[in-house]
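Enquirer: All I have is the shape, not the residue letters:
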């Protein structure tokens, strides 16, 4: 994919980029965590943002809290009903985010 040389519109001063260590489908996640169990907790924290984007197609808001990523839904246009279809672990992680 080509790297953008300019923001997409005049009002946009940055382009959010989210990078993951692998495509975090359920199958890939299970395979990687069984091969590298020491990374499971970290990858599960990343998977919340991955799943949120996969369900909404809107980049999530990401912050840092207690040395972990705190992920919440990005600016969803209109109805936020799409959030109800998120996997249970992603919903719990967003609700339990200690820092908002």
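Expert: Structure received. Keep in mind the model is a prediction, meaning the values are calculated, not measured.
Enquirer: Tell me which helix or strand comes right after the longest helix anywhere in the chain.
Expert: Here the longest helix in the chain is taken by residue count, with DSSP state H as the criterion, and it is helix 40-56. Stepping forward along the backbone from helix 40-56, the first helix or strand reached (DSSP states H and E) is strand 61-65.
Enquirer: Could you spell out the sheet neighbours of that following strand, each with its direction?
Expert: Its sheet considered, strand 61-65 pairs with strand 68-72 (antiparallel) by DSSP bridges.
Enquirer: Tell me what angle the partner strand forms with helix 40-56.
Expert: Orientation note: strand 68-72 sits at an angle of 20 degrees relative to helix 40-56 (axes from the mean of the first three to the mean of the last three Cα atoms, to 10 degrees).
Enquirer: and strand 68-72, average pLDDT?
Expert: Across strand 68-72, pLDDT averages out at 85.
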